[in-house]
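> below is the structure, and that's it, no one-letter string:
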């Protein structure tokens, strides 16, 4: 199965966001050190676990729910992807949107995990002023072929930094989905988007597009 550079990069970003087994984060840990630690843990975990490389969504989901979500502002990620319609969504609809969006990300990118081999991630020097609470951490995925640029946006919370968006080769994940979601919401409303997400996340993973 051929995996494009962009899809592999998106998969790497999604797995950083979605399926890490992380130790407790120190509240004063800088965002670049967080990303460096997380990326090393991700690649090592995937390399050692055949079920993750085979895209076992149930195991990935278990890891997400147990160990990962405290390190990701997934509510912000989902609300940004949904756009203005998020404000009109009920609490139940918001929870369903988060659940189905997470399931879609796992389904979409889990197939690329079979391609993980000798890749490494280099974290570039951080440009950050004292008092900054929203930063961009730039990284580069190195492996076979040309390097893939993979950047992360993080926001400072009382308990530490949290990921809420990432960019692969100039394409931001949240903005990509916002364009898709807005069309669905305009045509079928919030419930229509939830139904579509549920349908898409139940389809076989396709990482060739």
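Okay, I see it. Everything numeric here is computed off the predicted structure, so don't read it as measured data.

> number of nearby residues for residue 120?
11 (other C-beta atoms under 10 Å). Any C-beta I mention is one placed from the backbone N, CA and C, and that applies to glycine too.

> repeat for residue 195
When counting by other C-beta under 10 Å, one arrives at 15 neighbours for residue 195.

> what sits closest to it if chain neighbours are left out?
Spatial nearest neighbour of residue 195, chain neighbours left out: residue 188 (7.6 Å); criterion: C-beta to C-beta, 6 or more residues apart in numbering.

> from residue 154, how far off is the one you found?
Using C-beta to C-beta, to the nearest Å, we find residue 188 at a distance of 33 Å from residue 154.

> of the two, which one has the most company?
Counted by other C-beta under 10 Å, residue 188 and residue 154 do not tie: residue 154 has more neighbours, with 25 against 13.

> which positions in the lengthiest helix in the chain come out as buried?
Using DSSP state H to define each element, the chain has its longest helix at helix 173-201. For helix 173-201, a neighbour-count test (16 or more other C-beta atoms under 10 Å) marks 173-174, 177-178, 181-182, 184-185, 190, 193-194, 196-197, 201 as buried.

> ditto for stretch 161-176
161, 162, 163, 164, 165, 166, 167, 168, 173, 174.

> so which of these are in helices?
If you go by DSSP H, those have 173, 174 in helices.

> closest one of the buried residues of helix 173-201 to residue 96?
Proximity of the buried residues of helix 173-201 to residue 96 (C-beta to C-beta) peaks at residue 194, which lies at 5.0 Å.
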